[in-house]
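**Q** Sequence isn't available, so here's the structure alone:
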């Protein structure tokens, strides 16, 4: 039968997180901002569990397993942020440039090691459970979250908001908002992507390039905007077929959304707004793959979503 017993594990830590934020207002509607802080992000609860799951490959006699790590330290980094902002056209428009640098003391990733001791599993699994000629082994591969130390993240961000009536009064109400960010890191971690072990992958979730662009019209209660978001390829941590977290390469995508609205004013419908939204206008697919784009793991089209709504604000 199955044995059930309690497990207690964990650690205590105390952190002091200093921070300073400075803003310098300059002539001609300019501003420079500076920030220095120590930042902390705690591990997920499933990473902190004190239990483990293990079992045998009865064809080879090798044990294997995975578990949590209640001794994890949180993500911790010193972060430096600097930005410049320039406002113009009666502060209706602006341009900004920013840079950031994060010096990581600790981070968290999944590590797989050989030679893990599965003595307890061996003791409860008789030799007769294995096919003839298969020798039961008591050491094998084990995966658990651990702390990595050192490394950096850095990046640049650019943004602008431009009302088009700066060019001509005929374009009053039209405008655009754009932004671009670049992020890089020297951190390389161990990771298994679709059961293929790799000793040097980037941090999951890190896209090098991300940009957003929005065109809009807002006047006389009418509103219309179309927005596109692009994200370059990255390593994603998603649920696999067994509903377990797994790593995979995720291809770049570009999602476009649109919205139309009208807000009533000056009549009995004052405060009422009608909204019509279209999400994923081009039906952009989600594409995930292993090792290279020829080894496709997942191709999903979520379709285009249409939403109609009403907002009412009491005055």
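**A** That came through fine. These numbers were taken from a predicted model, which means no experiment stands behind them. Numbering: from 1, shown residues only.

**Q** What about residue 133, how many residues nearby?
**A** For residue 133, the count of nearby residues is 6 (other C-beta atoms under 10 Å). Bear in mind the C-beta positions are built from the backbone N, C-alpha and C, glycine included.

**Q** how about the nearest residue to residue 228 once chain neighbours are set aside, secondary structure?
**A** Excluding the flanking residues, the one nearest residue 228 by C-beta to C-beta, 6 or more residues apart in numbering is residue 256, at 4.6 Å. At residue 256 the chain is in strand, as set by DSSP: H, G, I helix; E, B strand; the rest coil.

**Q** Give me the neighbour count for residue 256.
**A** Residue 256 - counted by other C-beta under 10 Å - has 18 other residues nearby.

**Q** these two touch, right, it and residue 281?
**A** Yes: judged on C-beta atoms under 8 Å, residue 256 makes contact with residue 281 at a distance of 4.4 Å.

**Q** what's the overlap in contacts for the two?
**A** residue 226 (C-beta atoms under 8 Å, 6 or more residues apart in numbering).

**Q** Model confidence at the residue nearest to residue 228, what's the number?
**A** With respect to pLDDT, residue 256 scores 98.

**Q** Same question for the one 10 residues further on.
**A** Each residue has a pLDDT score; the one for residue 266 is 81.

**Q** what's the spacing between it and residue 272?
**A** In this view, residue 266 and residue 272 are 12 Å apart by C-beta to C-beta, to the nearest Å.

**Q** the more surrounded of those two?
**A** Taking neighbours as other C-beta under 10 Å, residue 266 and residue 272 compare with residue 272 leading, 15 against 7.

**Q** How about the secondary structure of residue 120?
**A** helix.

**Q** Now for it, how many residues are close by?
**A** 12.

**Q** what sits against residue 201?
**A** Residue 201 sits next to 188, 189, 190, 191, 193, 235, 247 when contact means C-beta under 8 Å, 6+ apart.

**Q** Could you measure from it over to residue 37?
**A** 28 Å.

**Q** what does residue 109 give?
**A** As judged by C-beta to C-beta, residue 109 and residue 37 stand 23 Å apart.

**Q** where does the stretch 151-300 of the chain have low pLDDT?
**A** Scanning the stretch 151-300 of the chain for pLDDT under 70 picks out 195, 241-243.

**Q** All the helices of it, in order from the start?
**A** Using DSSP state H, counting those that start in this stretch, the stretch 151-300 of the chain contains no helices.

**Q** What ranges does it have for its strands?
**A** 152-163, 174-185, 189-193, 196-201, 209-219, 222-231, 234-239, 245-250, 253-263, 272-279, 286-289, 296-300 (DSSP state E, counting those that start in this stretch).

**Q** Those strands: which one's closest to residue 11?
**A** Of all these, strand 189-193 sits nearest to residue 11, with 21.8 Å by C-beta to C-beta.

**Q** So what touches the closest one?
**A** Contacts to strand 189-193, defined as C-beta under 8 Å, 6+ apart, come from residues 109-112, 143, 148, 197-204, 235, 246-249, 290-291.

**Q** can you rerun that using 6 Å?
**A** Residues outside strand 189-193 that contact it (C-beta atoms under 6 Å, 6 or more residues apart in numbering) are 109, 111, 198, 199, 201, 247, 248, 290.

**Q** Save these as CSV, and put in distance to residue 134 too.
**A** Shown next, in CSV, are the contacts of strand 189-193 (distance: C-beta to C-beta, whole Å):
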residue, distance to residue 134
109, 33
111, 28
198, 29
199, 30
201, 33
247, 30
248, 32
290, 29
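
**Q** Among the residues you listed, name the buried ones.
**A** Using 16 or more other C-beta atoms under 10 Å as the burial test, the contacts of strand 189-193 include 109, 111, 201, 247, 248, 290 as buried.

**Q** The closest residue in space to residue 183 that isn't next to it in sequence bridge partners, please.
**A** Once flanking residues are discounted, residue 183 sits nearest to residue 155: 3.8 Å by C-beta to C-beta, 6+ apart. For residue 155, the beta-bridge partners under DSSP bridges are residue 100, residue 183.

**Q** Any figure for the gap between residue 155 and residue 203?
**A** Distance of residue 155 to residue 203, computed by C-beta to C-beta: 13 Å.
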